[in-house]
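> model this:
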Amino acid sequence: MANYTIKKEIDEPMDQVIQNLEEQLGDEGFGVLTEIDLKETFKNKLDKDFKKYKIMGACNPNFAYEGFQSEDDLGLLLPCNFVVYENDNNKTTVAAIDPVKLLSLSENNEINELGKKIKNRFEKVINNL
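So this is what the prediction gives:
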């Protein structure tokens, strides 16, 4: 397991997991700003087959606003990504970037504290799936 993720394997279809993920994120004040379908992108751009795999960029406006009060360049680290993909066990994997590790790149104590708050919510989201 990568040391920069919060991850869970789920025995449900990927579409259902994505719907549940969006609901859980909403319950924690996050919205999905971006969604990239790698299977579709690789097929369209490279004519290559790939497993079902989506990257979802999540953001909580309150946390983002709080962070921007400390650092203007924070936008380079936002939004926080979740990935959802079909794994080799015919199950669905959900993983989120560990916001503590991601935001520690700023070397700003206020941003690092914000990362801890976000991580708590991300763990709750993934545990509730």
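
> Which helix in the protein has the most residues?
Using DSSP state H, we find that the single longest helix of the chain is helix 109-127.

> what helices or strands is that helix leaning on?
strand 5-10, helix 14-27, helix 61-68, strand 92-97, helix 99-103 (3 or more CB pairs under 8 Å, 6 or more residues apart in numbering; DSSP states H and E). Where C-beta positions appear, they are placed from N, C-alpha and C, glycine not excepted.

> Go through the ones you listed and pick out the most buried.
Most buried of the helices and strands packed on helix 109-127 by mean neighbour count (mean count of other CB atoms under 10 Å) is strand 92-97; its value is a mean of 22.

> Please write out the alpha-carbon positions of that one in CSV.
The C-alpha coordinates for strand 92-97 follow below in CSV (Å, rounded to 0.1, in the frame of the first residue of the first chain):
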residue,chain,number,x,y,z
THR,A,92,-13.7,-1.7,-6.2
THR,A,93,-10.9,0.2,-4.5
VAL,A,94,-11.3,3.7,-3.2
ALA,A,95,-8.3,5.7,-2.2
ALA,A,96,-7.7,9.3,-1.1
ILE,A,97,-4.6,11.3,-0.9
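
> State the helix or strand in which the residue sitting nearest the centre point of the chain lies.
The residue lying closest to the centre of the chain (CA atoms, centre = their mean) is F82, at 2.1 Å. If you go by DSSP states H and E, F82 is part of strand 80-86.

> What helices and strands are in contact with that strand?
Counting by 3+ CB pairs under 8 Å, 6+ apart, strand 80-86 packs on helix 14-27, strand 53-59, strand 92-97.

> Distance to L76 added to the ones you listed, as CSV?
Output for the helices and strands packed on strand 80-86, formatted as CSV (distance: least, CB to CB, whole Å):
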stretch, distance to L76
helix 14-27, 22
strand 53-59, 13
strand 92-97, 14
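
> which one of those lies closest to N127?
Smallest distance to N127 across those (CB to CB): 9.1 Å, for helix 14-27.
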